[in-house]
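*Asks:* Need coordinates for the following:
(one chain, ligands or ions: 2)
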Amino acid sequence: MSGCIFCRIVGGDAPATKIFEDDLLVAFLDIRPITRGHTLVIPKSHAADLDELDPALGARLFAFGHRLAKAVRRGELGADGANLVINDGRAAFQTVHHVHLHVVPRWKGDTLTFAKGFVLRRPHDPERTAAAIRAGLDRLADEEEETTA
Ligand code: 5GP
Ligand code: ZN
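*Replies:* Residues are numbered from 1 along each chain as shown. Ligands and ions are numbered 1, 2, ... in the order given. From the prediction side, this is the model:
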């Protein structure tokens, strides 16, 4: 959809630090992260809100958010948990009207840094952070392969 910043990222017309892409989804770092590794997962096809989103695509979106929540616990990032959030509609503070799932890594005892990050929203070495998350995804895939072997 023209004028939608996330559609422009999907089309490669706007920059983003991408973590993952397949035929239906793209995941990239939030430009104003609350914590290191704050990632957005979006459907490639434009849907302004959950009312417009195909439920099967919503399930795919969550499934990848689930993988990311596991990936950030692995490797360099070493998170202890994550907040997975969709702000659906203006009433829920949605500001970009192309559905997106926030995956916000969390660490034990990070309440103060989380609160600070919520206010400052400063990037943390995006290339290194993205590489760490991709490595976590690779590690997750290796573990899955080991358990099915
Ligand atoms: P919302 O409040 O709609 O759930 O959050 C929108 C999110 O998109 C915000 O966290 C904001 O920082 C992020 N965002 C807005 N514009 C861009 C952009 O151009 N690139 C990236 N990577 N993130 C963006
Ligand atoms: Zn869009």
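*Asks:* Can you name the residues that contact Gly81?
*Replies:* Counting by C-beta atoms under 8 Å, 6 or more residues apart in numbering, Gly81 makes contact with Ala69, Arg73, Pro105, Arg106, Trp107. Where you see a C-beta, it was placed from the backbone N, CA and C, and this is true even at glycine.
*Asks:* Try it again at 6 Å.
*Replies:* Neighbour list for Gly81: Arg106 [criterion: C-beta atoms under 6 Å, 6 or more residues apart in numbering].
*Asks:* Over to Asp49?
*Replies:* Residues near Asp49 by C-beta under 6 Å, 6+ apart: Asp88, Gly89.
*Asks:* 10 Å instead, please
*Replies:* Contact analysis of Asp49 by C-beta atoms under 10 Å, 6 or more residues apart in numbering lists Ile86, Asn87, Asp88, Gly89, Arg90, Ala92, Gln94, His97, His98, Val99.
*Asks:* So among those residues, which ones count as buried?
*Replies:* Buried members of the contacts of Asp49, counted by 16 or more other C-beta atoms under 10 Å: Ile86, Asn87, Gln94, His97, His98, Val99.
*Asks:* Keep only those of those that are also close to ligand 2.
*Replies:* His98 (C-beta under 5 Å from the ion).
*Asks:* Which residues of the chain lie near ligand 1?
*Replies:* Residues of the chain found near ligand 1 (C-beta under 6 Å from any ligand atom) are 5, 16, 28-32, 40, 87, 93-96.
*Asks:* Just the ones of those in helices?
*Replies:* Ile5 (DSSP state H).
*Asks:* Which of the residues of the chain next to ligand 1 fall in strands?
*Replies:* Phe28, Leu29, Leu40 (DSSP state E).
*Asks:* Most neighbours among the residues you listed, please name it.
*Replies:* Highest neighbour count within these: Leu40, with 25 neighbours (other C-beta atoms under 10 Å).
*Asks:* Now it. Nearest residue, chain neighbours left out?
*Replies:* His100 (4.5 Å; C-beta to C-beta, 6 or more residues apart in numbering).
*Asks:* ok, which stretches of the chain are strands?
*Replies:* Along the chain, counting by DSSP E, strands occupy 18-21, 25-29, 39-43, 81-85, 101-106.
*Asks:* can I get those in a markdown table with mean pLDDT and distance to ligand 2?
*Replies:* Output for the strands of the chain, formatted as a markdown table (pLDDT from 0 to 100; distance: least, C-beta to the ion, whole Å):
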| stretch | mean pLDDT | distance to ligand 2 |
| --- | --- | --- |
| strand 18-21 | 98 | 15 |
| strand 25-29 | 98 | 11 |
| strand 39-43 | 99 | 8 |
| strand 81-85 | 98 | 19 |
| strand 101-106 | 98 | 14 |
